[in-house]
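**Q** I'd like to go over a predicted model; first the sequence, then the structure.
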Amino acid sequence: MSANVRIGYLALLLAIPLGLLKVFRPTNKIHNFTEVLIYPGIAAIFVPILGVYSVLILLILISAYDMWAVWHSEIMQKMAKFQMEEVGIFGGFLISSLTKKQREEIRKYKLQKTKTKNLKKLKKMKINLAMLGGGDVVFPIITAGVYMVAFNSIIPAIFIIVGAFLGLTYLLSVSEKKKFYPAMPFISGGIFIALAIWFLLSLI
């Protein structure tokens, strides 16, 4: 049995129980963990067929479409709502955020002995939830993979990932509650700035 076949069987053994948990016992942790495993696999398909220029053009096109889909047609909001309410699975990451007051309340409930009463209170607690689409994660991974292969170095890939992360961090810092924002323009902007810095440093 070849190594590729063994890896395939191992992937299948992991995929089946995780897939069942994702569908029948969904939690934020299980959902996000399975999403982390999905996107590198998608990137592995596209990295070999894209070049350093074509992937940048793809980022620009995807960013333009993301802005149109969120701010103009609002199709992204409709898709997210349909996935959450009808399908029960969201194709992306779910990021929950707690206020300082909520963290203190949870800590206080954990210290108390009346768990049943505390559990009811925790279930009623409203928690802000940010949704990050799968494309917002997979396109930076694809770009990093293309540049790593093209330049035979992990350095440009690190710059790309850091740039994407900083672009997303900036968006989260300026975004308002209960509003939808296209993440790809910010992520792509961060990637382009990071690549420009990497290119300038490589000239030194």
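**A** Noted; the coordinates are in hand.

**Q** Tell me the secondary structure at the closest residue to residue 140 other than its chain neighbours.
**A** In this structure, residue 140 finds its nearest non-sequential neighbour in residue 164, 3.8 Å apart by Cβ to Cβ, 6 or more residues apart in numbering. For glycine as for every other residue, the C-beta is placed from the backbone atoms N, C-alpha and C. Following DSSP: H, G, I helix; E, B strand; the rest coil, the label given to residue 164 is helix.

**Q** Just to check, residue 164 is in contact with residue 192?
**A** No. Using Cβ atoms under 8 Å, residue 164 is not in contact with residue 192; the gap is 10.2 Å.

**Q** Any figure for the gap between the residue nearest to residue 140 and residue 19?
**A** Per Cβ to Cβ, to the nearest Å, residue 164 is found 27 Å from residue 19.

**Q** Which one of the two is surrounded by more residues?
**A** Counted by other Cβ atoms under 10 Å, residue 164 and residue 19 do not tie: residue 164 has more neighbours, with 27 against 11.

**Q** So which residues of the chain form helices?
**A** Remark: helices assigned in the chain by DSSP state H are 3-24, 28-46, 52-67, 75-82, 100-111, 115-124, 134-151, 155-174, 183-203.

**Q** could I get the ones you listed as JSON lines with mean pLDDT?
**A** Listed next are those as JSON lines, based on pLDDT from 0 to 100:
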{"stretch": "helix 3-24", "mean pLDDT": "78"}
{"stretch": "helix 28-46", "mean pLDDT": "81"}
{"stretch": "helix 52-67", "mean pLDDT": "95"}
{"stretch": "helix 75-82", "mean pLDDT": "64"}
{"stretch": "helix 100-111", "mean pLDDT": "57"}
{"stretch": "helix 115-124", "mean pLDDT": "51"}
{"stretch": "helix 134-151", "mean pLDDT": "93"}
{"stretch": "helix 155-174", "mean pLDDT": "94"}
{"stretch": "helix 183-203", "mean pLDDT": "95"}
